[in-house]
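Peer 1: missing the sequence, but the structure's below:
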């Protein structure tokens, strides 16, 4: 009963799903909570509109509905981690804080996986649920592999697997699936670009090493017990990921640096973007009142509870000096220095504001969704990265001259004002961002249509095995051809030594002859 | 004058091109002759229909119009080479013939490049032509990089570059542009699949080594003189290829094995395929007269002048025994054993016959175009590979159970009859081929539309630099991170030695103390 209470089948509640239609597929979804759910929901709405039947499997406790459950424990870990990270970001980037941060990150991720594996074990042990899932004869399982649960479940139910992915259990999915030469593919979190000098490449390799260690020692082992218990011959989480039929990757090469990819990776970056809708009347009035100066909008995302007071005050005082109007999504105390031109809101229609002609600059933390939306609408970004991939995301804009990064520990009235004015008044920022926007919008097919096409493709063909390589089944030394190189080197060495020996033998013989003469 | 006679601008003659339209691009095309030209022409017709202005730069002597020119010399090399290759294929696969064949291939390719570089030099020296090309202000250069000329010309004219590519100057373009782990990416010509045992992987690496040597010592050097003469700081042919904006690759992953790829590689395999048109009345009558048994069609491509008489006789005698009707594109003497059911033709509407309901089996040499068309129409293949990539192409069908290979040296009446009956009567061949056909046809966008889209994309955005990596500019040891690994190994060694030294020092000290006590 405890299990049944923790996990339940979610038929039809959230998106008014209907029963399977004659032409629709039968899709089982295992989403991840938080901003990941936002992405999954958008894709699901589209699939639903196409007539597919969707079943969402999720914890009975969602992120924002506090009830006693294991997942809440995870939320607690996570929130503490976020608070620590922001403090570290505020304190600055010393080697010590860097090491501490990474240690915290690894420990947070490791703990999360322990909980997820526990949830998974509960799911498998719930015979009633498992029978329901087996009997439903789904066409495929759609999951976000930031958690491993959906991936293992697909294997157990023998279902084709489609990933809606930005990150996998242990880091960047691209690293797991496609060759990633460290000379031009920056490791996630390294803060590097695709153009690195020698020492940056050393840093990149060290970062990659850290991620390998994390994966090998802090993530994979958690899954081993469950793999041995429920799968004949065991399993490992990375191989399960590599078995996925299609990766719907929430990125593209207008946003990210060019890198090798695999045929079963479909880039759907910006798939959530749509033309802006009209604003509510009061907001539209406020925005129009800015006149020729236009509007600045600011948000640091949904994960941040509150900015440090002194930072909020500094930002507010700069905003107060600007001729622009400002819309600021800010949680926490009202800054004492707030100007009349600044409207503080708890929520704002971000996409519609980004698509508004009056919007001049987007002050943002650099979450993937926000950055993609800024690209879509061509609004330059002043970025204040806080955690995870946010610095890396913003770096991609900065490298293209479409955004500027200002670190939390560098924020003071002067630096923030300077940064803001630079992005506002230097034309190149807007020009470059609009160039990215043009490139992003110029695709043979809208990213969302592409996503739906490939989900339906997997339903039609019961998988897409021909698009993925089976090379992950090779041992690592074979994959990298080290065994072959060893053989060839050995043969060459033997040949060289033999030649040497023969020459020596012949020389000695002729010398001896000379001597004997 | 001699140069002007050898190379001329080809305005409008072959495809009735018209003057640039208001919205059309201005495209310079440097094609390769032979079957490559067939592919380029189809793409050009489509671009022309979209309103683009196309200028074709080609030798005044085409492949089949013998006039005295350097290219004829190449044709002579080529024909001699083909005859030798076919003889070798007939004689069988001894190590000696294998080495001889490869030596001939490398020597043929090397000689061809010497001629091409000479042609290129003539083009560059022809001031009138070069002025015409510069003044025309093309939007891009479209070329087939099987020859290097177009690629170097694009650099000289500073034009965005789009490749219509199956092979590059020195082998497989994929190897030049994307990481190709030799553990699961078979080298071209190796006759290997994506699943290799240890010794196959050794073979694969040796093949790759041969190709590197060919590229490095038999192709690149030919271009060095011209690179130094016409380009500040020189150039190298492989880097020029890697600078291309878009690779329209005449392959896909229904046909080829899955492998890493780059974002600027667009797969257009089968872009030439179209639904079948009705056959000429007499051919239709012949085909229908086959009744329930259906029709076998056979062609060994346009490169083969004539099959050895004894082989042709054997094939004809088997065809004579079959209840099917046979349409055989055969050049040379009429086989003495020809049956009444076999129609010999000099040319046949291959696509329309492949798309005909009566067609049961395609006996073919395995050229890329024919294999793609067989996939499109779902007709299983009995393959008799002769040269180049033909064995590899057919191997891809055989691996999927959609075709069977029979080597020229294995052909006798028994083996050919057995092979033919197997492909005719074992249902799995047709089923597997029709599965490939379904997969090939199930794409979000037709390959030809994709090709046109990306050509126009490069025109609209003046290139597609954001889709390609600049990593080719790194030295090879940096690209493979060998310098970084060396540093890290050195640091680790020093640390280990230092630790060892310290421990020894401390031990000795304590020993000495013990002794002195």
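Peer 2: Everything's here; your move. Values in this document were obtained by computation on a predicted structure and should not be read as measured data.
Peer 1: what's residue A:499 sitting at in phi/psi?
Peer 2: Main-chain dihedrals, residue A:499, degrees, to the nearest 10: phi -60, psi -50.
Peer 1: Now for it, how many residues are close by?
Peer 2: Number of residues near residue A:499 (other Cβ atoms under 10 Å in any protein chain shown) recorded here: 10. Any C-beta I mention is one placed from the backbone N, CA and C, and that applies to glycine too.
Peer 1: Determine which residue lies closest to the centroid of chain A.
Peer 2: Among the residues of chain A, the one closest to the centroid is residue A:166, at 3.1 Å (Cα atoms, centre = their mean).
Peer 1: ok, it - contacts?
Peer 2: Contacts for residue A:166 were tallied using Cβ atoms under 8 Å, 6 or more residues apart in numbering or on different chains; they are A:36, A:39, A:144, A:146, A:173, A:249-251, A:368, A:389.
Peer 1: ok, and for the stretch of helix or strand residue A:501 belongs to, which residues are buried?
Peer 2: Secondary structure assignment for residue A:501, by DSSP states H and E: helix A:482-516. Of the residues in helix A:482-516, A:483-484, A:487 count as buried by neighbour count, 16 or more other Cβ atoms under 10 Å in any protein chain shown.
Peer 1: Kindly identify which of those residues also come near chain B.
Peer 2: A:483-484, A:487 (Cβ under 8 Å from any Cβ of the partner chain).
Peer 1: for those, which one is nearest residue B:496?
Peer 2: When those are compared for distance to residue B:496 (Cβ to Cβ), residue A:483 wins out at 26.0 Å.
Peer 1: roughly how far apart are the residue of the stretch 401-517 of chain A found nearest chain B and residue B:311?
Peer 2: Of all residues in the stretch 401-517 of chain A, residue A:471 sits closest to chain B, at 3.9 Å by Cβ to the nearest Cβ. According to Cβ to Cβ, to the nearest Å, residue A:471 stands 39 Å off from residue B:311.
Peer 1: Pick out the lowest-pLDDT one from the contacts of residue A:166.
Peer 2: Across the set of those, residue A:36 stands lowest in pLDDT, at 80.
Peer 1: That one belongs to a strand?
Peer 2: No. According to DSSP: H, G, I helix; E, B strand; the rest coil, residue A:36 belongs to no strand; its state is helix.
Peer 1: What's the local residue count around residue A:478?
Peer 2: Applying other Cβ under 10 Å, we find 19 residues neighbouring residue A:478.
Peer 1: which ones are touching it?
Peer 2: The neighbours of residue A:478, taking Cβ under 8 Å, 6+ apart as the test, are A:484, B:183, B:198, B:201.
Peer 1: And residue A:188, by the same measure?
Peer 2: Shown in contact with residue A:188 (Cβ under 8 Å, 6+ apart): A:167, A:171-172, A:175, A:211, A:389, A:392.
Peer 1: most neighbours, which of the residues you listed?
Peer 2: Result: residue A:172 is most packed of the contacts of residue A:188 (other Cβ under 10 Å), 23 neighbours.
Peer 1: So which residues make contact with stretch A:231-241?
Peer 2: With contact meaning Cβ under 8 Å, 6+ apart, stretch A:231-241 is reached by A:145, A:148, A:151-152, A:154-156, A:163, A:168-170, A:173, A:176-177, A:215, A:219-220, A:223-224, A:227-228, A:472-473.
Peer 1: Please apply the same query to stretch A:36-49.
Peer 2: The contact list for stretch A:36-49 (Cβ under 8 Å, 6+ apart) reads A:14-15, A:17, A:27, A:29, A:31-32, A:54, A:56, A:63, A:142, A:144, A:146, A:164, A:166, A:248, A:250, A:271-272, A:369, A:448, A:451-452, A:455.
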